[in-house]
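Novice: Got a sequence here, can you build the structure:
(2 chains)
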Amino acid sequence: MTTTEQTQSFNTTVKRGLRRFLRGLANLKLAIILLLAIAFFSISGTVLEQGQTVEFYQSNYPEHPALFGFLTWKVILALGLDHVYRTWWFLSLLVLFGSSLTACTFTRQLPTLKAARLWKYYSKPQQIEKLALSAELDTGSISSLTPLLEKRNYRVFNEGDKLYARKGIMGRIGPIVVHIGILVILAGAIWGALTGFLAQEVVPSGQTFQVQHILDSGPFASSQVPQDWSVKVNRFWIDYTSDGNIDQFYSDLSVIDEQGEERDRKTIHVNEPLRYDGVTFYQTNWGISAVKIQLNNSPIFRLPMAELETGTSTKFWGTWVPLKPDLSQGVSLLARDLQGTVLLYDGQGQPVGAVREGSSMKFGEIELKIVELVGSTGLQIKADPGVPIVYAGFALLMVGVVMSYVSHSQIWALQQGDNFYLGGKTNRAHLAFEKEIIATIDELRESKRQTPDSEQSLVLN
Amino acid sequence: MDLVTLQNTLDNGAFAILFLAMLVYWGGMAFPKIPYLQAIGTTSMAIANLAIAALLGARWLEAGYFPLSNLYESLFFLTWGITAIHFIAEQRTGSRLVGIFTAPLAMGITAFAALSLPPEMRESAPLVPALKSNWLMMHVSVMMLSYATLMVGSLLAIAFLLVTRGKNIQLQGSSLGNGGYRLKTPTPPDSTPSNSPLSSVNASSTTATAVLTPPQTTPTLSPQRLTVAETLDNISYRIIGLGFPLLTIGIIAGAVWANEAWGSYWSWDPKETWALITWLVFAAYLHARITRGWQGRKPAILAATGFVVVWICYLGVNLLGKGLHSYGWFF
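Specialist: Numbers count the residues shown, from 1 in each chain, chains lettered A, B, ... in the order given. Next up, the predicted model:
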């Protein structure tokens, strides 16, 4: 007996403790502090450079003098301020935020909605007098008030001399939908982080590749990485505007299965990716992979071009062409885009001229012909199975915030003897509601002045 | 007249008219007895709104895409949004207080865009590949409208803080579920003692709304009306309440666009992060309003902070010159 009693009291203690914990978690002040804390720590990631090398932080945030007296590279690395949004403390903050949302939905929002749906008539004038927007009129009746409220889209209930009207209960459901939407987004993000992957490939025009350079993948992502099909870059090209700026870059891609058959084909560009089997190929970057040249009547050589370190945002690609069999003399080729012009420099680094694709230049006995510049496409490859969940969350969130704009308005009326009591309240649009109530009262007075109601005059007499 | 001269006329004209509107609203604050000032102010704001709409329309025709490609255009779009929201706020409140704050804001932005920006930054530039998408219109225009709305809403919160400074304000119009009850010590709006320069405005706007007050035939019980402070508080709350869904939809449109174009709906790019920070600050404001014991000035201080945060999100981040959103701005 005593053991069962003890377990029972233990159970109630646990339940009480749990309830207190939940209520604490659902506390609004905690929610506000969490919102502002997430905002505050997010700021740090926009002010401090993210994802740089240790050397970068060492040179920019030295120990002497320390920025603001404390912000050294050691502090930054110790707190993880070089990758704020992936630190354990930022993620815990998000988890706490999600728990607070869940707790709030169950301990506050749902009871409030239930209370809003469980309305009751007011049967004493004192109940109506408590409302700020209330009035005692010598005119008006339940029957004359009903059409006025229905005209204003109220749902009217009445019973004898009592009336209750409401509209905008949607405004009580909205915040719940918002909270669920945010939770669904967080769940989708977690699911995506566990099962998705991100890869990048730089592929010369004309080559076939399989996804290999995976930059980031979740613990359960291996099944997402395509094994039984590859992608061929049929062609890569850039359209330029008349003043030489890039208009758009394109990759003509084919999906090839193990039998070498084409399964899908699409020309992608920025804002227009290829999707196949849950994997998406985005056009993100470009480069020059090789130049095709011919010396006199030689076969066409394909020389790889390397990107040169310029230290600026201007990009150059270069290679070297020997002009003698013993490699004692040659020219350097430089190109900065795929518009077809190649710059030539001699052994001393002096410019010797520019050659367009298809034309040639003579160096003594040897004629160097630039046949073609071969571009390479920079693709970002990604699979994120969490996206449909996140999108569903987005939809809920958008619907929810719009619903939350609606104000939940309630009106009570009571006929007692020759007095008519009318009052109401709302939770958001106090100003609009005040106008609505005043206008309704005016209309009630107006209708009396114009067509004296027989029932009314009877009561007044 | 070609489109370029038309644009120059329109942007300088918009600035001049907004300057006039500001003077008229401020004059109305100093001399509330002068008639027609309110009407002149409202009309000026309307003309400025239409002039900016025409300016943006001309640029749309000229460039062939939605005119939100550079700082100049986005500043004018923002001003257009602010003047549009100004009307909603003024209509709803029936108070000339709104213009005292929105007119100088709109004037300041147009002055910067029309007079301070170097000419080469005013020309419409071709869009970079990343921006060539229908999502540009969806995402950027909704974001700009939300900035405009939130700016007006938080300005009104600042106005509320000015009107109620030094007072322990008790608000009837709180959004707490149990709000809307009669206060124990009712304070009639026109008996509020105040020596602030805004007191004349208080009086003027109460007389403006007093027209709506029904003849008090029943002295026993009549509706307890909102005071000027409560009116400002509620209109600020409703405007922010309108800007918040816009901001949410704008951020989501951006996230969906980013996912469709680059394969990532969220990448903690500084602009994205600041949009989230703005969202969090206003979410905190909306929650502070329903927190017991926090009604009145505390949420308004949060909303006023939001004004600064919106500006950092809109312009400050671009000064960093990092990330995907740095196109066509200062760098």
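Novice: State the helix or strand in which residue 91 lies.
Specialist: Defaulting to chain A. helix A:88-104 (DSSP states H and E).
Novice: Let me rephrase: I mean chain B.
Specialist: With DSSP H and E as criterion, B:Q91 is part of helix B:71-93.
Novice: Can you list the buried residues in that helix?
Specialist: Buried positions in helix B:71-93, judged by neighbour count with 16 or more other Cβ atoms under 10 Å in any protein chain shown: B:71-86, B:88-90, B:92-93. No exception for glycine: its C-beta is placed from N, CA and C like everyone else's.
Novice: how far is it from where the chain is centred?
Specialist: 6 Å (Cα atoms, centre = their mean, to the nearest Å).
Novice: what is the rounded mean pLDDT of the helix or strand just after that helix?
Specialist: As assigned by DSSP H and E, the chain's next helix or strand after helix B:71-93 is helix B:97-111. For helix B:97-111, the mean per-residue pLDDT is 91.
Novice: Can you name the next helix or strand after helix B:97-111?
Specialist: Scanning onward from helix B:97-111 (DSSP H and E), the first element met is helix B:135-163.
Novice: burial of whatever residue of chain A ends up closest to chain B, as a residue count?
Specialist: The nearest approach of chain A to chain B comes at A:K425, 2.9 Å away (Cβ to the nearest Cβ). Number of residues near A:K425 (other Cβ atoms under 10 Å in any protein chain shown) recorded here: 23.
Novice: Find the residue at the geometric middle of chain A.
Specialist: In chain A, the residue lying closest to the centroid (Cα atoms, centre = their mean) is A:F394, at 8.1 Å.
Novice: quick one on the thing from earlier: kindly indicate whether the residue of chain A closest to chain B is helix, strand or coil.
Specialist: Assigned with DSSP: H, G, I helix; E, B strand; the rest coil, A:K425 falls in the strand class.
Novice: My guess is it contacts B:Y181. True?
Specialist: Yes. A:K425 lies in contact with B:Y181 (Cβ atoms under 8 Å); the separation is 7.3 Å.
Novice: and for these two, which residues touch both?
Specialist: A:131-132 (Cβ atoms under 8 Å, 6 or more residues apart in numbering or on different chains).
Novice: for the stretch 51-200 of chain B, what are the low-confidence residue spans?
Specialist: Applying pLDDT under 70 to the stretch 51-200 of chain B flags residues B:128-130, B:168-180, B:182-200.
Novice: show me the contacts for residue 275.
Specialist: Just going to use chain A. By Cβ under 8 Å, 6+ apart, the neighbours of A:R275 are A:F281.
Novice: nope, chain B please
Specialist: B:A275 neighbours (Cβ under 8 Å, 6+ apart): B:143, B:247, B:250-251, B:254, B:313.
Novice: can you put the residues you listed in CSV and add secondary structure?
Specialist: Converted to CSV, the contacts of B:A275 look like this (three-state DSSP):
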residue, secondary structure
B:M143, helix
B:L247, helix
B:G250, helix
B:I251, helix
B:G254, helix
B:C313, helix
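Novice: near chain B, which residues of the stretch 251-400 of chain A?
Specialist: Within the stretch 251-400 of chain A, the positions near chain B by Cβ under 8 Å from any Cβ of the partner chain are A:269-271, A:273, A:280, A:282, A:284, A:380-382, A:384, A:387, A:390-391, A:394, A:397-398.
Novice: Mind checking which of the residues you listed land in helices?
Specialist: In helices, defined here by DSSP state H, the members of these are A:387, A:390-391, A:394, A:397-398.
Novice: picking that back up, format the contacts of B:A275 as CSV; extra columns: neighbour count and distance to A:P65.
Specialist: As requested, the contacts of B:A275 are exported to CSV (neighbours: other Cβ atoms under 10 Å in any protein chain shown; distance: Cβ to Cβ, whole Å):
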residue, neighbour count, distance to A:P65
B:M143, 23, 39
B:L247, 27, 40
B:G250, 23, 41
B:I251, 22, 39
B:G254, 24, 39
B:C313, 26, 31
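Novice: tell me which element A:L368 falls in.
Specialist: Assigned by DSSP H and E, A:L368 falls in strand A:366-383.
Novice: elements contacting that strand?
Specialist: Contacting strand A:366-383 under the criterion 3 or more Cβ pairs under 8 Å, 6 or more residues apart in numbering or on different chains; DSSP states H and E are the following elements: strand A:197-204, strand A:229-240, strand A:246-257, strand A:279-295, strand A:330-335, strand A:341-345, strand A:351-356, strand A:360-363.
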